[in-house]
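> Build me a model:
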Amino acid sequence: QVQFVESGGGLVQPGGSLRLSCTTSGFTFKTYAMNWYRQIPGKERDVVASITSTDHSTQYVDSVKGRFTISRDNAKNTVYLQMNALKPEDTAVYYCNFIRARASYWGRGTQVTVSS
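As a prediction, the model looks like this:
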């Protein structure tokens, strides 16, 4: 059974930093690309960052480039999202995700609120 445990969200002031973690079980983590998505209430869930399983290459949505860093530790079955220089518009619920055989698996999400 695929399981995700997401952590690291919270309330932070603009310009601050947070590190999200997603520890997984129930599948062979090292063989799958992993993604972080975010969702604002009333809007669609959008991809923020992705990391491959092979060479750990990364991709980011333009709005977070230079501020967010996705990484993974295959020994710990964990994917991270380091978020720096946070802005109020980064406020959202953040989800980790992977796709296997065209099925999409999601964590429960962790709330990130950027506010003064």
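
> Next secondary structure element downstream of the helix or strand containing residue 22?
In this structure, residue 22 is located in strand 18-25 according to DSSP states H and E. The helix or strand immediately downstream of strand 18-25 is strand 34-39, counting by DSSP H and E.

> CA-only coordinates of that next one in PDB, if you can.
Output of strand 34-39 as PDB, limited to C-alpha atoms (Å, rounded to 0.1, in the frame of the first residue of the first chain):
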ATOM      1  CA  MET A  34       8.600  12.500  -7.900                       C
ATOM      2  CA  ASN A  35       6.700  15.700  -8.000                       C
ATOM      3  CA  TRP A  36       5.500  18.500  -5.700                       C
ATOM      4  CA  TYR A  37       2.200  20.100  -6.500                       C
ATOM      5  CA  ARG A  38       0.300  22.900  -4.700                       C
ATOM      6  CA  GLN A  39      -3.300  24.000  -4.600                       C
END
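
> So what sits opposite the spatially most central residue of the chain in the bridge?
Centroid check for the chain by Cα atoms, centre = their mean gives residue 36 as the closest residue, at 2.9 Å. For residue 36, the beta-bridge partners are residue 49, residue 96 (DSSP bridges).

> count of residues packed around residue 86?
22 (other Cβ atoms under 10 Å). The C-beta positions use only the backbone N, C-alpha and C, and glycine is treated the same way.

> again but with residue 34, I slipped
By other Cβ under 10 Å, the residues close to residue 34 number 24.

> same thing with residue 108?
11.

> on that earlier part again, so what's the residue nearest to the centre of the chain up against?
With contact taken as Cβ atoms under 8 Å, 6 or more residues apart in numbering, residue 36 is in contact with 20, 22, 47-50, 70, 79, 81, 94-97.

> Residue 61 now?
Per Cβ under 8 Å, 6+ apart, neighbours of residue 61: 46, 47, 48, 49.
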